[in-house]
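Novice: Quick one: sequence and predicted model below, then my questions.
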Amino acid sequence: MDTNSFRQREEKRKTSFKTIYDMAAGLLWLGAGIFILLNKYIGFNLMVDSLMSSIFGIACVFYGSFRLYRGVTGLKGSRR
């Protein structure tokens, strides 16, 4: 077994796992942010100040979008 080919396969596996992890985490953070922002409209009470929940919800949406972006760019980069 060639050592370089093993290293290349291992690096590709790590890259694909990181991409999947980034996309899954991005979807979770994005979903949590949307839920926190819309909780007062769907009748769920978080027992937190409206301003604080709005700020945290917006931060979750931005972070989730960033993680999705990072996952998508990692997916494009691994195709090369």
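Specialist: Yes, it's here.
Novice: where does the protein dip in pLDDT?
Specialist: Under the criterion pLDDT under 70, the flagged ranges of the chain are 1, 78-80.
Novice: Dead centre of it: give me the residue that sits there.
Specialist: Gly26 (1.5 Å; Cα atoms, centre = their mean).
Novice: what sits against that residue?
Specialist: Gly64, Ser65, Phe66, Arg67, Leu68, Tyr69, Arg70, Gly71 (Cβ atoms under 8 Å, 6 or more residues apart in numbering). For every residue, glycine as well, the C-beta is placed using N, CA and C.
Novice: Of those residues, just say which sits nearest to Arg9.
Specialist: Gly71 (21.0 Å; Cβ to Cβ).
Novice: In helices only, show me the contacts of Gly26.
Specialist: Judged by DSSP state H, the contacts of Gly26 include Gly64, Ser65, Phe66, Arg67, Leu68, Tyr69, Arg70, Gly71 as members of helices.
Novice: surely the fourth one meets Met23?
Specialist: Yes - look at Arg67 against Met23 with Cβ atoms under 8 Å: they come within range, at 7.5 Å.
Novice: list the helices and strands the helix or strand hosting Ile58 packs on?
Specialist: Per DSSP states H and E: Ile58 is located in helix 50-78. Using 3 or more Cβ pairs under 8 Å, 6 or more residues apart in numbering; DSSP states H and E, the elements in contact with helix 50-78 are helix 3-42.
Novice: Check which residues of the helix it packs on are buried.
Specialist: Thr19, Asp22, Met23, Ala25, Gly26, Trp29, Leu30, Ala32, Gly33, Ile36, Leu37, Asn39 (16 or more other Cβ atoms under 10 Å).
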